[in-house]
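K.L.:
Here is a sequence with its predicted model. Questions after.
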Amino acid sequence: MRQFVVAGNWKMNGSLEANAHLLEQLKSQLDNTTKAEIIVFPPTVYLAQIQQICRDTGIKWGAQDASPNRPGAYTGEIAVEMLEDFACEYVLVGHSERRTLYHEDDVMIAMKFAHAKRHGLTPILCVGETLHERKQQVTETIVKKQLDAIVNLADSTDVFKHAMIAYEPIWAIGTGLTASPEQAQSVHHAIREHVATIDKTIAEQLTLLYGGSVKAANAASLFAMPDIDGFLVGGASLDAHQFVEITQCIK
Ligand code: 13P
């Protein structure tokens, strides 16, 4: 049985006050009708606060990024070992904003993915194509290339065990445009098939999230697709009501 997940990527948003308010709302509004694991990804400086508020709740937390290196002389970076201090279980790897704004390439992302796994964190690898690439009909080629970078650095066939993949078409992120359920399903299916060429059982059990303008209004139709196991939500995760409604689609 695959794990269903609704994750909120807060990006560079929040404050001590706003986080406390949002989490209190989530704690009081989330109910056990959802079958999803709920994860929040706050800015790293707030992890201590999130740990304090969420520790005895069903809400899990993770980091939006982490260094591929061991602690040392890397000004501005956060080591995976530091995330362990705050009981993080998850880390996003290769979000398109990191790829485009901070020029992270496939090799860097593969190193981050491998390093997080080595330390027992569950990496959520983000993949996706630009609008230009979609128009050129090379979406699957791009996504497979992003997956292969991870596989090529790994030394075993269980590379996607204890990991998740989020398909986030770049043209749908923060734009209000969402991939249709059929468009998303087709890429999710291609991802699962590709992973199956490495390990069939892992592919079957792999949680595949969709991200890109997910809202309460479109979540149910996306989740109805057989290869969509949940969501990585940006903007709507800052609104407790929207986020809770999205979790309620996962039944
Ligand atoms: P939006 O939901 O704001 O489009 O962001 C998606 C995303 O980038 C989640 O990681």
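P.N.:
Cool, got the structure. Residues are numbered from 1 along each chain as shown.
K.L.:
now V40, what's its secondary structure?
P.N.:
Here V40 is recorded as strand under DSSP: H, G, I helix; E, B strand; the rest coil.
K.L.:
In this structure it contacts K11, no?
P.N.:
No - between V40 and K11 there is no contact under CB atoms under 8 Å: 11.6 Å. Using the backbone N, CA and C atoms, a C-beta is placed for each residue, glycine as well.
K.L.:
Centre of the chain to the helix or strand containing S28, how far?
P.N.:
Secondary structure assigned from DSSP states H and E places S28 in helix 16-29. From the chain centre to the centre of helix 16-29 is a distance of 21 Å (CA atoms, centre = their mean, to the nearest Å).
K.L.:
what's the answer for stretch 18-33, then?
P.N.:
Computed by CA atoms, centre = their mean, the chain-centroid distance of stretch 18-33 equals 20 Å.
K.L.:
One more: stretch 232-247?
P.N.:
Put simply, stretch 232-247 sits 14 Å off its chain's centre (CA atoms, centre = their mean).
K.L.:
neighbour count winner among V40 and K11?
P.N.:
Neighbours around V40 and K11, counted as other CB atoms under 10 Å, are more numerous at V40. The numbers are 26 against 18.
K.L.:
Could you report the distance from that one to A196?
P.N.:
31 Å (CB to CB, to the nearest Å).
K.L.:
Next, the angle helix 16-29 makes with the host helix or strand of F243.
P.N.:
In this structure, F243 sits in helix 240-247 according to DSSP H and E. Put simply, helix 240-247 runs at 40 degrees to helix 16-29, going by axes from the mean of the first three to the mean of the last three CA atoms, to 10 degrees.
K.L.:
For the residue of the stretch 101-250 of the chain found nearest the ligand, what are phi and psi?
P.N.:
Closest approach between the stretch 101-250 of the chain and the ligand, counting by CB to the nearest ligand atom: G234, at 2.1 Å. Per-residue torsions, G234: phi -100, psi -100 (degrees, to the nearest 10).
K.L.:
any idea of the pLDDT on it?
P.N.:
pLDDT for G234: 98.
K.L.:
State the number of residues packed around it.
P.N.:
22.
K.L.:
residues in contact with it?
P.N.:
By CB atoms under 8 Å, 6 or more residues apart in numbering, G234 lies in contact with 9, 11, 173-174, 211, 213-214.
K.L.:
SS state for the residue lying closest to E81 once chain neighbours are set aside?
P.N.:
The spatially closest residue to E81, leaving aside those adjacent along the chain, is P71, at 5.8 Å (CB to CB, 6 or more residues apart in numbering). Three-state assignment for P71 (three-state DSSP): coil.
K.L.:
Wait, P71 touches V80, no?
P.N.:
No - here P71 lies out of contact with V80, judged by CB under 8 Å, at a distance of 9.2 Å.
K.L.:
Over to the residue lying closest to A154 once chain neighbours are set aside: give its phi and psi.
P.N.:
With sequence-adjacent residues excluded and distances taken as CB to CB, 6+ apart, A154 is closest to A114, at 6.4 Å. Main-chain dihedrals, A114, degrees, to the nearest 10: phi -70, psi -40.
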